[in-house]
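Engineer: kindly generate the corresponding structure for this input.
(8 chains)
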Number of protein chains: 8
Amino acid sequence: MATGFVLISVEPGAEREVFKEVIKIEEVADVHLLFGEYDLIVRVEADDYDLIGEIVVNKIRKVPGVVSTKTLARIQL
Amino acid sequence: MATGFVLISVEPGAEREVFKEVIKIEEVADVHLLFGEYDLIVRVEADDYDLIGEIVVNKIRKVPGVVSTKTLARIQL
Amino acid sequence: MATGFVLISVEPGAEREVFKEVIKIEEVADVHLLFGEYDLIVRVEADDYDLIGEIVVNKIRKVPGVVSTKTLARIQL
Amino acid sequence: MATGFVLISVEPGAEREVFKEVIKIEEVADVHLLFGEYDLIVRVEADDYDLIGEIVVNKIRKVPGVVSTKTLARIQL
Amino acid sequence: MATGFVLISVEPGAEREVFKEVIKIEEVADVHLLFGEYDLIVRVEADDYDLIGEIVVNKIRKVPGVVSTKTLARIQL
Amino acid sequence: MATGFVLISVEPGAEREVFKEVIKIEEVADVHLLFGEYDLIVRVEADDYDLIGEIVVNKIRKVPGVVSTKTLARIQL
Amino acid sequence: MATGFVLISVEPGAEREVFKEVIKIEEVADVHLLFGEYDLIVRVEADDYDLIGEIVVNKIRKVPGVVSTKTLARIQL
Amino acid sequence: MATGFVLISVEPGAEREVFKEVIKIEEVADVHLLFGEYDLIVRVEADDYDLIGEIVVNKIRKVPGVVSTKTLARIQL
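Structural biologist: This next block holds a predicted model:
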């Protein structure tokens, strides 16, 4: 099981719309609005990291209003 | 009482317009134009941090010309 | 209820030790090792943001091996 | 009159000590502890920007525990 | 022989298109899609660094969908 | 005499046009195209830092194609 | 097969020593000294991303002189 | 002829010492103390970029008090 934390910056004013769309994505485990350098944090769960990458590129980044994303992948040692 | 310092980047040329709009927001205590990495610094005062977040998202980030914001929240130890 | 996501950078080699110490902190809800720009992500839960700030400054940042922290506060709109 | 906002990062654990030392500097108008990317924000007032630079280099950056500073200078248009 | 590693950020949704265009550029040795802070990493080989700069400015940055680039030049000691 | 070094990021493809416009500004002492994190570096000379700020906001940032600027002010100790 | 590009910052003066140690790590495919924001770029190949994470934490970050690392993981769509 | 602009961060308090040492380096054309995100900007001139890299690694980064450097290389189109 792979987990990614996606930090999202959105166009000013698009926070709620992006929140509502991102939360509908099947592999998204939770979403929070943030205060600070990024606008949203999203936790994505998938079978492996190639899938996480695919979800970020094909689903999250395609939500209108998303300006940029930074994905932090969880590692298990 | 909660205090947030909002560092704002604006579209080139929009500095004055953003300044004039942001200063009208009730919870904005002061605004300064900056020289360096950010274009404006705004001090926001509200009853708690959820309100600060709401003001940043619903008021400051909706001012035309605002490109991105970074909010630094004051803590009291 | 206030929630903070704390992105931690640690001294190279201190990842596991910091993980083990941070997870013992009462208000820490979960901790993950990361791959990328930061070394650990920690979720902190407390009654308000002043408490989150206190936990970050007095507990998390005092763990040996922590080099810097960036706290992202959750907002509820 | 020149104004600079100095964002300070400190060694973990040194927040209070740095706060107490910085607030003693004559040209420092106010200091706040922060939550997020920086640890302290300091407002410095002086006659001109060369003086602001001198205060940052000779006084603020010499406080034990200060790791790095980023100065944002106010401009008046 | 000069080598540059170009880290590219693209408009959300343009990842594949940019990949397909960048790989056609003669001096591009390889391209990978990334997960994290940047979207693509491109290795460019040319006779000298002025040529690398020219390829980045005249070819890579002109691909539609490229938002920003950061070039890391290889040095040989 | 005040000196500012302005690091400019431009829209991909606008490098030469921005260069040609910026070099015409009276207070601009020199301009170089860069390879790396920023696209241009500009040295501005003026009587004081308020003037440097004014030139950055009113002249440099108004050149079409400029996306963002970061100004580093010279200090004399 | 998983691939990670590790951008390394080292203590000033430790560039060559870190280079020599990193290149001995079995899973390291190539290493280059850089000019710019990072000091070295390392390509790591392993069976999966948990292994890449383990190599970064247990081998690369333990090389004396390494100050920080940023890992960019390759994705395959 | 190759030109590099080296942005230097120094240990707090080491500004003047680093300035005095860096200015003695033969290939250093000029040095300025800065106000903002970096502490010093240094212009280096050499026959080619491999030499610029060598000067940065072997001379500038070896000056005691230098914490990190970011080199921006000039390109000529």
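Engineer: could I get the average pLDDT for stretch A:62-77?
Structural biologist: Averaged across stretch A:62-77, the pLDDT comes to 94.
Engineer: burial measure for the residue in chain A that chain H sits nearest to, as a count.
Structural biologist: In chain A, the residue that lies nearest chain H is A:E37 (15.4 Å; Cβ to the nearest Cβ). (Each C-beta comes from the backbone N, C-alpha and C, glycine too.) A:E37: 20 surrounding residues under other Cβ atoms under 10 Å in any protein chain shown.
Engineer: my guess is it contacts D:F35, does it?
Structural biologist: No - counting by Cβ atoms under 8 Å, A:E37 stays clear of D:F35, with 11.8 Å between them.
Engineer: please enumerate the shared neighbours of these two.
Structural biologist: Counting by Cβ atoms under 8 Å, 6 or more residues apart in numbering or on different chains, no residue touches both A:E37 and D:F35.
Engineer: can you report how many residues neighbour whatever residue of chain A ends up closest to chain D?
Structural biologist: Nearest to chain D in chain A, going by Cβ to the nearest Cβ, is A:G36, at a distance of 5.0 Å. A:G36 has 25 neighbours, counted by other Cβ under 10 Å.
Engineer: contact residues of chain A facing chain G?
Structural biologist: Within reach of chain G by Cβ under 8 Å from any Cβ of the partner chain, chain A has these residues: A:2, A:48-50, A:52-54, A:57-58, A:73, A:75-77.
Engineer: same thing but at 10 Å, please
Structural biologist: Contacts of chain A with chain G, taken as Cβ under 10 Å from any Cβ of the partner chain, map to A:2, A:4, A:48-54, A:56-58, A:71, A:73-77.
Engineer: just the buried residues of the residues you listed.
Structural biologist: Those of the residues of chain A next to chain G that meet the buried threshold are A:2, A:4, A:49-54, A:56-57, A:71, A:73-75, by 16 or more other Cβ atoms under 10 Å in any protein chain shown.
Engineer: quick check: bridge partners of the residue lying closest to the residue of chain A closest to chain H once chain neighbours are set aside?
Structural biologist: Using Cβ to Cβ, 6 or more residues apart in numbering or on different chains and skipping residues adjacent in sequence, the residue nearest A:E37 is B:K70, 5.1 Å away. Beta-bridge partners for B:K70, by DSSP bridges, are B:L7.
Engineer: still on that earlier bit, so what's the residue of chain A closest to chain D up against?
Structural biologist: Counting by Cβ atoms under 10 Å, 6 or more residues apart in numbering or on different chains, A:G36 makes contact with A:7, B:4, B:53, B:56, B:69-73, C:4-5, C:70-75, D:35-37.
Engineer: next, A:L72: phi, psi?
Structural biologist: phi -110, psi 120 (degrees, to the nearest 10).
Engineer: so it touches C:L72, yeah?
Structural biologist: No - with contact defined as Cβ atoms under 10 Å, A:L72 does not reach C:L72; the gap is 11.5 Å.
Engineer: who touches both of the two?
Structural biologist: In contact with both A:L72 and C:L72: A:7, A:41, C:7, C:41, using Cβ under 10 Å, 6+ apart.
Engineer: reduced to three states, what does the second one come out as?
Structural biologist: Under DSSP: H, G, I helix; E, B strand; the rest coil, A:I41 falls in the strand class.
Engineer: make sure it is actually in contact with A:H32.
Structural biologist: Yes - contact criterion Cβ under 10 Å: A:I41 and A:H32 qualify, at 5.2 Å.
Engineer: where do the contact lists of those two overlap?
Structural biologist: Joint contacts of A:I41 and A:H32 (Cβ under 10 Å, 6+ apart) are C:5, C:43, C:72, C:74.
Engineer: neighbours around the closest residue in space to the second one that isn't next to it in sequence, how many?
Structural biologist: So the one you mean is C:R43. Nearest residue to C:R43, sequence neighbours excluded (Cβ to Cβ, 6+ apart): C:A29, at 4.4 Å. For C:A29, the neighbour count with other Cβ under 10 Å is 12.
Engineer: report the angle between whichever strand or helix holds C:A29 and strand E:28-35.
Structural biologist: Taking DSSP states H and E as the definition, C:A29 sits inside strand C:28-35. On the basis of axes from the mean of the first three to the mean of the last three Cα atoms, to 10 degrees, strand C:28-35 is oriented at 170 degrees to strand E:28-35.
Engineer: contacting residues for A:L7?
Structural biologist: Contact analysis of A:L7 by Cβ under 10 Å, 6+ apart lists A:34, A:36-42, A:68-72, C:5, C:7, C:37-38, C:41, C:72, E:37.
Engineer: just the residues of chain A next to chain G: which are in strands?
Structural biologist: Those of the residues of chain A next to chain G mapping onto strands are A:2, A:4, A:71, A:73-75, per DSSP state E.
Engineer: tell me which two of the residues you listed sit farthest apart.
Structural biologist: Using Cβ to Cβ, these span at most 12.9 Å, a distance reached by A:T71 and A:I75.
Engineer: what do these two both touch?
Structural biologist: Common neighbours of A:T71 and A:I75 (Cβ under 10 Å, 6+ apart) are A:49, C:34-36.
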